[in-house]
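what's the 3D shape of this:
(2 chains)
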Protein chains: 2
Amino acid sequence: MTPKKILVAQGGGPTAVINQSLAGVVLEARKFAGVERVYGAHHGVRGIVDENLLDLTQETSHNLEMVANTPSSALGSTRDKPDAKYCHEIFKVLQAHEIGAFFYVGGNDSSDTVRIVADEAIKANYALRCVHIPKTIDNDLVGNDHTPGFPSAARFVAQAFAGANLDNASLPGIYVAVVMGRHAGFLTAASALGKKFPEDGPHLIYVPERVFDTEKFLADVKRIYERLGRCVVAVSEGVHDAAGAPIVTKLAEQVEHDAHGNIQLSGTGALADLLCEEIKNKLKIKRVRGDTFGYLQRSFIGCVSDVDQREAREVGEKAVQYAMWSGRNGSVSIKRTGFYSVDYELVPLETVAGKTRVMEDEFLSDCGTDVTDAFRLYLRPLLGSGMPDAYRLRPNHVAKVLHKA
Amino acid sequence: MTPKKILVAQGGGPTAVINQSLAGVVLEARKFAGVERVYGAHHGVRGIVDENLLDLTQETSHNLEMVANTPSSALGSTRDKPDAKYCHEIFKVLQAHEIGAFFYVGGNDSSDTVRIVADEAIKANYALRCVHIPKTIDNDLVGNDHTPGFPSAARFVAQAFAGANLDNASLPGIYVAVVMGRHAGFLTAASALGKKFPEDGPHLIYVPERVFDTEKFLADVKRIYERLGRCVVAVSEGVHDAAGAPIVTKLAEQVEHDAHGNIQLSGTGALADLLCEEIKNKLKIKRVRGDTFGYLQRSFIGCVSDVDQREAREVGEKAVQYAMWSGRNGSVSIKRTGFYSVDYELVPLETVAGKTRVMEDEFLSDCGTDVTDAFRLYLRPLLGSGMPDAYRLRPNHVAKVLHKA
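Okay, here's the model as predicted:
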């Protein structure tokens, strides 16, 4: 039986294409004759329990298309991670509004919420179709070749490093940029796609999948600097030591200790700044600069992968089709079927819920500071069309007149 | 007499379009029958004194066009600020290579170098035409409506804030982003062009042209937060107190004092982090995030204003034409002649050299935390075509069922 009313919500960190999935759900749902109302929850699950709902049936198709092309979550998002009690509240609201299908666009926490809500409905013998729609710039959902949002964020990171490398070549020194990713290094590794010529940066890439050793880091930087007179470094915010302690905490403690004080060096720029301080102090290099890409990675307007847009739209559409026709709950997942093409599957919620994917070993080089060609082949098609390209002058040197050798 | 050999160099911080000016010089110079060689100095004036020169006559027109579209200084840059002795060394190299025209793309320090080198040539009775070509993302050259490089950096900042505002609306809280600009607030003020709807951020803009008072800043943030439940802030890195002391130093000293230590909180993320700490501690707001846009503002590949590209190319071309036909040294300056069109003039080097323009009063609102419509009219055409636009859902609220008022 086709549900008369459906509800869609967006959770977790926004992405450049999460509204494509929203538009995919709404526009596809409207094509089904039995669907009378498409609701959207304001600020994710929080909006459901507060009954803060928008009627998206009254939205124009044109505006939905415009919103689809706008980054960040148009419905608003939330960081709430519902427990069983919270999920029961969600279910009660869905029931009160006679919602027949629930779609939640989000990461692995969101898929877990969908799983618990689905269980509540089964326990109450209430007909509710529950589908999780994947989204995360971290690319850390299991059961997916990749996740919507990641390709556009990866494109931003690759473009940022392509430019930062040119800047660093122009005014040589050390450049350290910290990239989002607490557990998975996919986004940091995307920096490698900003590289064109062999001596281009990033020269060193540090991801959470490998233990970070500050002494080795300094030796790596020194080696590159002695060879090239400069060094561009990409570091995941989640790098940690062998015991799992975040490097930002360790370095901050060291600074605290030196000062016999209790300073909290929290804040988003801290890791880049502390690594730069280490390089300045220990390697005695003068020009050392650090950046933290921060929220620009997921929110910058005007840097998006067309492949990502298309797929984010399709997972939304497919979610509705699965809800209407498959008779199963689940999570929409992306499978790669060619170079380059994808197809979608509805996988059990348990496959995805609450699990974290990290970078496969084959994607990381043995030296521990670079990616493999397998990763380059994996990522390149995701970045989409129209990637800007860097060119340089050819070295036709003029013979010296005054300073002859 | 047409110079047989000309030399071009790039100085100071790179921009997204500084290579357009380089291509403009090289391609235009090649059209003059008497010009036999076009040299480029590697890393600005440093490359001249070291005789580290490239023969750009051997470069293909096609590659020059590709390089023109690539950000950062393709010849390499330098932070050297030559004094009279250094300029004498420059002159000796130009003389040894029989250079008849010298072009330096740079900011006000670079124009001062061109001025001194020109004087050296006159003193030595050596025929040298010297032309400064404007460039700076800070937009702080006097005698120019605006400077090449600024529009593209402004476009980056506007797009970054358009996205950051959407992100902050989705997950509400305080967001503080620090923008480049030590003395002039033009680039920070460009954040206002990222705003579309009345309640969009940036809600507060702080530039170095106005004294920064931390207590007033906190009161401003509190006021916006109480009204909207969120607040997006743009701050120039150069904000300072009434005595001219940088705010980053003041806040860092305060932290040091609290810890009875001697910690140096230098590093690019420091100002954003310290302002966020102030907000957290004094206003007791939980979700406070800070970003520092850093080098992405001037180096990001793939975010450029086509108007900026065109003008940067033209100032390079015009520089050659002035050198060949005007019989005068000078600095190429941009004059606005319509809405929107520009023309170029060769102004005396003394007009520009070593001087700093700051934002005109008419561009800043009386409240001290916003720009005027005059500024919006000034900046909008510079950002170029194809600016991405943000859309949002219309608020068609669904009547509550469970929580009726």
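
which strand or helix spans A:L251?
In the assignment (DSSP states H and E), A:L251 maps to helix A:247-259.

hmm, I was thinking of A:D273
According to DSSP H and E, A:D273 maps onto helix A:270-283.

what is the rounded mean pLDDT of that helix?
Helix A:270-283 shows a mean pLDDT of 93.

helices or strands next to the helix or strand just after it in the packing?
Next in sequence after helix A:270-283, counting helices and strands by DSSP H and E, comes strand A:288-292. Counting contacts by 3 or more CB pairs under 8 Å, 6 or more residues apart in numbering or on different chains; DSSP states H and E, strand A:288-292 packs against strand A:174-179, helix A:270-283, strand B:288-292. C-betas here are computed from N, CA, C, even on glycine.

what distance do you get for the residue in the stretch 151-300 of chain A that chain B sits nearest to to A:R129?
Residue nearest to chain B within the stretch 151-300 of chain A: A:G269 (1.4 Å; CB to the nearest CB). Computed as CB to CB, to the nearest Å, the A:G269 to A:R129 distance reads 45 Å.

between the two, tell me which one has more neighbours.
Applying other CB atoms under 10 Å in any protein chain shown to A:G269 and A:R129 shows that A:G269 carries more neighbours, namely 28 against 25.

okay, and A:G181 sits in which element?
Counting by DSSP H and E, A:G181 is found in no helix or strand.

these two touch, right, A:A390 and B:I301?
Yes. Between A:A390 and B:I301 there is a contact under CB atoms under 8 Å: 6.3 Å.

which residues are in contact with both of these two?
When contacts are counted by CB atoms under 8 Å, 6 or more residues apart in numbering or on different chains, A:A390 and B:I301 are jointly contacted by A:162, A:166, B:70.

could you list the low-pLDDT ranges of chain A?
A:255-268, A:405 (pLDDT under 70).

all helices for the stretch 251-400 of chain A, in order.
According to DSSP state H, counting those that start in this stretch, the stretch 251-400 of chain A carries its helices in the segments A:270-283, A:296-299, A:306-325, A:349-352, A:373-379.

now the ones you listed as CSV including mean neighbour count?
Below are those laid out as CSV (neighbours: other CB atoms under 10 Å in any protein chain shown):
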stretch, mean neighbour count
helix A:270-283, 22
helix A:296-299, 28
helix A:306-325, 23
helix A:349-352, 20
helix A:373-379, 16
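
B:L56 is nearest to which of those helices?
Within the helices of the stretch 251-400 of chain A, the stretch nearest B:L56 is helix A:373-379; the backing value is 32.7 Å (CB to CB).

check which helices and strands that closest one sits against.
Judged by 3+ CB pairs under 8 Å, 6+ apart, helix A:373-379 has no packing partners among the helices and strands.

for that helix, the distance to its chain's centre please.
The chain centre lies 17 Å from the centre of helix A:373-379; the measure is CA atoms, centre = their mean, to the nearest Å.

pull it out as CSV, backbone CA atoms only.
C-alpha atoms of helix A:373-379 as CSV (Å, rounded to 0.1, in the frame of the first residue of the first chain):
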residue,chain,number,x,y,z
ASP,A,373,47.6,4.7,-7.7
ALA,A,374,44.7,2.5,-6.7
PHE,A,375,43.4,5.4,-4.6
ARG,A,376,44.0,7.9,-7.5
LEU,A,377,42.0,5.6,-9.8
TYR,A,378,39.3,5.3,-7.2
LEU,A,379,38.9,9.0,-6.5
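
and the contacts of it?
Helix A:373-379 is contacted from outside by A:154, A:189-190, A:192-193, A:339, A:359, A:362-364, using CB under 8 Å, 6+ apart.

circling back to that earlier point, out of the helices and strands packed on strand A:288-292, which comes closest to A:A121?
When those are compared by CB to CB, strand B:288-292 sits nearest A:A121, at 36.1 Å.
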